[in-house]
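J.: Pasting the sequence and the predicted model now:
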Amino acid sequence: MVVLGVYQRNWQRLWDLTEANPQLHAAFGLHPVYIDEHQAEHLTELGDWLTHLKSHPQLCAVGEIGLDYYVDHLDKVRQQEVFETQLQLASDFNLPVLLHVRRSHADVIATLKRYRIKRSGIVHAFAGSREEAREYIKLGFKLGLGGAATWPQALRMHRVIADLPLGSVVLETDAPDMAPAMYPNQRNSPEHLPDICQALAALMNISPQRLGEASTENACQLFDWPHTAQSV
């Protein structure tokens, strides 16, 4: 299971939690929604954390990072600067990235094409078009699918998901947010993942077991984890 940081003040808590639970893997990053909180020294500190934890088996990625154009007041120029600096850190430390992308696919894809990081990553809560999905896949990225796609009104997402190659998807929850349709108005949890898997497998016209196995294989390949028979 991956747990991640979104601002500097929760990194220590994140790592304390990870160290106390061997089944957890940590990602450190500066989330674009909190751009007003991020300081230049936080990027330096992020580099320090990655240096300190370099090659640690429970460090898995840089994230959650990206661009958010949905929230109007967020400074796009500053977001881009922080995003690019973190992509460079991911490249320097040979880590994948976990991407937050809201109404910003074109700029994120263009930025990724410039940086071409070695280990790619995951586009968290992917809700883009078929064309955008193809662009990410060509860049080596996996598409994170979770509770949002289980809602009956998410018709465009349903059409896109039906066409996705199995080698490009990973299941996720974004707990405690983005609860699936079968748990409305509830706190989301990793315990909901089997139900999410079942709903998404139906959209892809495959068995939940096959989707779960593909998700596990894709995640293990991306994060360089030992592959086991157990699905996620």
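T.: Yes, it's here. The structure displayed is predicted, hence computed values, not measured ones. Numbering: from 1, shown residues only.
J.: ok now whichever strand or helix holds residue 210, how far from the chain's centre?
T.: Secondary structure from DSSP states H and E places residue 210 in helix 208-223. Its chain's C-alpha centre and that of helix 208-223 lie 15 Å apart, by CA atoms, centre = their mean, to the nearest Å.
J.: which other residues reach it?
T.: 2, 25, 60-61, 96, 119-122, 142, 166-171, 194, 197-198, 200-201, 204, 225-228, 230-232 (CB atoms under 8 Å, 6 or more residues apart in numbering). Bear in mind the C-beta positions are built from the backbone N, C-alpha and C, glycine included.
J.: The same query, at a cut-off of 6 Å, please.
T.: 60, 96, 142, 166, 170, 171, 197, 198, 201, 227, 231, 232 (CB atoms under 6 Å, 6 or more residues apart in numbering).
J.: Any idea how many residues pack against the third one?
T.: To tie it back to what came earlier, the one meant is residue 142. 24 (other CB atoms under 10 Å).
J.: what do you get for the fifth one?
T.: Number of residues near residue 170 (other CB under 10 Å) recorded here: 24.
J.: gap between it and residue 218?
T.: For residue 170, the distance to residue 218 (CB to CB, to the nearest Å) stands at 5 Å.
J.: just the second one next, same as before
T.: For residue 96, the distance to residue 218 (CB to CB) stands at 12 Å.
J.: So which of these two has more stuff around it?
T.: Between residue 96 and residue 218, counted using other CB under 10 Å, the more crowded position is residue 96 (23 against 20).
J.: mind listing what that one touches?
T.: Shown in contact with residue 96 (CB under 6 Å, 6+ apart): 61, 119, 120, 121, 222.
J.: give me phi/psi at it?
T.: Here is the backbone geometry of residue 96 (degrees, to the nearest 10): phi -70, psi 170.
J.: Could you do residue 207 as well?
T.: The phi/psi pair for residue 207 (degrees, to the nearest 10) reads phi -80, psi 150.
J.: what's the burial count for it?
T.: 13.
J.: So for it, what pLDDT did the model give?
T.: pLDDT, the model's per-residue confidence, is 99 for residue 207.
J.: measure it to residue 197 for me?
T.: 10 Å.
J.: on that earlier part again, now the buried members of the contacts of helix 208-223.
T.: The neighbour-count test (16 or more other CB atoms under 10 Å) marks 60, 96, 142, 170, 171, 197, 198, 201, 231, 232 as buried among those.
J.: element containing residue 143, please.
T.: strand 142-145.
J.: Quickly run through the sheet partners of that strand, with directions.
T.: strand 121-123 (parallel), strand 169-171 (parallel) (DSSP bridges).
J.: So for residue 73, which of these sits nearest?
T.: Closest to residue 73 of those is strand 121-123 (CB to CB; 23.9 Å).
J.: how is the protein carved up into domains?
T.: 1-112, 120-124+145-224 (automatic domain parsing).
J.: I'd like the ones you listed as TSV, with distance to residue 138 appended.
T.: TSV is the format used below for the domains of the chain (distance: least, CB to CB, whole Å):
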stretch	distance to residue 138
domain 1-112	9
domain 120-124+145-224	10
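J.: closest to residue 132 out of those?
T.: Evaluated over the domains of the chain, closeness to residue 132 peaks at domain 1-112, with 4.6 Å, by CB to CB.
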